[in-house]
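J.: okay, sequence plus prediction incoming.
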Amino acid sequence: MKVAFATDDGLRVNAHFGQSPMFTVYDVRPGEAHFVENRVVPMPITQDESGKIDTRIRLIEDCTLVFLMQIGASAAARVTRRKMMPVKVPASSSIDEQVSRLLEMLRGKPPMWLSKVLRSEQDG
């Protein structure tokens, strides 16, 4: 599964979904994780809040999870409707640390929320 991390430096989860200038994307599977790319949010001259959210959703729509510091309720609803799960983590958490935690969860019996996401991904 592809996993996105809201970031401004590609190293830490340190951005609010709606203001994130970039998403670092990893491909994570049981036992392995690989960096895919940094996806930079294009900066239009003017865009309302809804447009900012839509732009970010389109940028990471192939991802299953999106790790972030914060996300507003309406943005979270729009993200989940697109079959992505937002995952809030402490500010400035290391992306490497979050990838390691995710791999550890996949190694054993994943928590219910992650099992549900994995089933949903398998069902297509």
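T.: Good, I have the coordinates.

J.: was I right about Arg78 contacting Lys52?
T.: No. Assessed by CB atoms under 8 Å, Arg78 is found out of contact with Lys52, at 11.3 Å. Every residue, glycine included, has its C-beta placed from N, CA and C.

J.: quickly list what's touching both of the two.
T.: Counting by CB atoms under 8 Å, 6 or more residues apart in numbering, Arg78 and Lys52 have no common neighbour.

J.: Val99 belongs to a strand?
T.: No. Counting by DSSP: H, G, I helix; E, B strand; the rest coil, Val99 is not found in a strand; it is helix.

J.: output the lowest mean pLDDT helix or strand found in this protein.
T.: helix 112-123 (a mean of 81; mean pLDDT, DSSP states H and E).

J.: spatially central residue for this structure, please.
T.: With distances taken as CA atoms, centre = their mean, the residue of the chain nearest its centroid is Val66 (1.4 Å).

J.: check which element follows the helix or strand hosting that one along the chain.
T.: Assigned by DSSP states H and E, Val66 belongs to strand 65-68. Of the helices and strands lying after strand 65-68 in sequence (DSSP H and E), the nearest is helix 73-81.

J.: and that next one, how far from the chain's centre?
T.: Its chain's C-alpha centre and that of helix 73-81 lie 13 Å apart, by CA atoms, centre = their mean, to the nearest Å.

J.: what's the mean pLDDT across it?
T.: Regarding helix 73-81, the rounded mean pLDDT is 94.

J.: so what's Ser20 up against?
T.: 6-8, 41, 56, 68.

J.: I'd like those residues laid out as CSV, including distance to Lys109 and secondary structure.
T.: Below are these laid out as CSV (distance: CB to CB, whole Å; DSSP: H, G, I helix; E, B strand; the rest coil):
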residue, distance to Lys109, secondary structure
Ala6, 28, strand
Thr7, 29, strand
Asp8, 34, coil
Val41, 36, coil
Arg56, 32, helix
Leu68, 25, strand
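
J.: how much space separates the nearest residue to Leu65 once chain neighbours are set aside from Arg101?
T.: Nearest non-adjacent residue to Leu65, counting by CB to CB, 6 or more residues apart in numbering: Val3, 4.6 Å away. Distance, Val3 to Arg101, by CB to CB, to the nearest Å: 11 Å.
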